[in-house]
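[1] Dropping the sequence and predicted coords here.
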Amino acid sequence: MLQDRAAALRAGTEAEPVQEESATRPASAAPVEPSTGGGEPYRPGDLGHALDHYRAALVDRPADPGLLENTGQILVAMNRPADALPFLEHVADADPMNTRARFNLAVSQARSGQLNEAVEAYTALARSNTADVRVHHNLGLALRQLGRQAEAAAAFERATSLAPEEAPAWLGLALSLEADGRGGEAAAALDRYLTLEPDSPDADNIRARIAQLRPVVQVPPPEPESAMSRRRP
């Protein structure tokens, strides 16, 4: 079933923590490397070394926002979002205008299972930065996981309006619409997804699901010839 495959599709993944060089959005919602904040790039294979480096630096500068943010980003990249939370919370609380830190905090909250907190954070970001498609996309994902399908569909609709070429947002929209009982609209969203991703490995399953979701138009049977003859003048 399509829902069973959703977790493996890109619409079921969050946009990764933002990197300053890609501050608008990652192309095709592809993951981007966590931000180093302080401008000191690192390679994925160096994460353990970088974490040790920043933790050692925090001994002398425990309140340094750049070090705290970098440490949090590395922990997120190492799939340790719960460990990243206190570092990112400190940065976001100290500088509410740091939308990068607030976005990354919301990502960590969602990945740590704090979905209500993530929804609150993404909603606040959406109000202050209405044009960032990643915020609306991730808000839709968190709302969908909470079972708030109508709200999730609205968030995905905003994402598709901002970036109509982003296939994952259309798939997320379709899944939320279907769960909300809006099958015809879900079929249209799946159609758009396949237009953008014609080589999707799930294309055949999605086409079958579209056929199931589309309402069947009942065509009245033709009248018998005798009845038509009686009506002729």
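    Thanks, I have it.
[2] need the helices for the protein, in chain order.
    With DSSP state H, the ranges of helices along the chain come out as 2-6, 47-60, 65-77, 81-94, 99-111, 115-128, 133-145, 149-162, 167-179, 183-196, 203-213, 225-231.
[3] how about TSV for those, with mean pLDDT and mean neighbour count added?
    All C-beta atoms are positioned from the backbone trio N, CA, C, and that covers glycine. Below are the helices of the chain laid out as TSV (pLDDT from 0 to 100; neighbours: other CB atoms under 10 Å):
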stretch	mean pLDDT	mean neighbour count
helix 2-6	46	14
helix 47-60	92	14
helix 65-77	91	24
helix 81-94	95	20
helix 99-111	93	25
helix 115-128	96	18
helix 133-145	96	26
helix 149-162	97	21
helix 167-179	96	26
helix 183-196	96	19
helix 203-213	95	15
helix 225-231	56	8
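[4] tell me the domain ranges of the protein?
    Domain assignment for the chain by automatic domain parsing gives 10-18+31-37+45-113, 136-215.
[5] Would you mind measuring the gap between the ends of the last one?
    Spelled out, that is domain 136-215. 29 Å (CA to CA, to the nearest Å).
[6] Then stretch 138-152?
    9 Å.
[7] So what's the gap between that stretch and the chain middle?
    Between the centre of stretch 138-152 and the centre of its chain there are 10 Å (CA atoms, centre = their mean, to the nearest Å).
[8] Same question for stretch 193-204.
    18 Å.
[9] go on, stretch 119-134?
    12 Å.
[10] What of stretch 92-107?
    18 Å.
[11] swap in stretch 163-170?
    Worked out by CA atoms, centre = their mean, stretch 163-170 lies 10 Å from the chain centre.
[12] Dump it to PDB, restricted to CA.
    This file holds the C-alpha atoms of stretch 163-170, laid out as PDB (Å, rounded to 0.1, in the frame of the first residue of the first chain):
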ATOM      1  CA  ALA A 163       8.100  25.500  -4.800                       C
ATOM      2  CA  PRO A 164       5.800  23.800  -7.300                       C
ATOM      3  CA  GLU A 165       8.800  21.900  -8.700                       C
ATOM      4  CA  GLU A 166       9.400  20.100  -5.400                       C
ATOM      5  CA  ALA A 167       8.000  16.500  -5.800                       C
ATOM      6  CA  PRO A 168       8.300  15.500  -2.200                       C
ATOM      7  CA  ALA A 169       5.900  18.200  -1.100                       C
ATOM      8  CA  TRP A 170       3.300  17.000  -3.600                       C
END
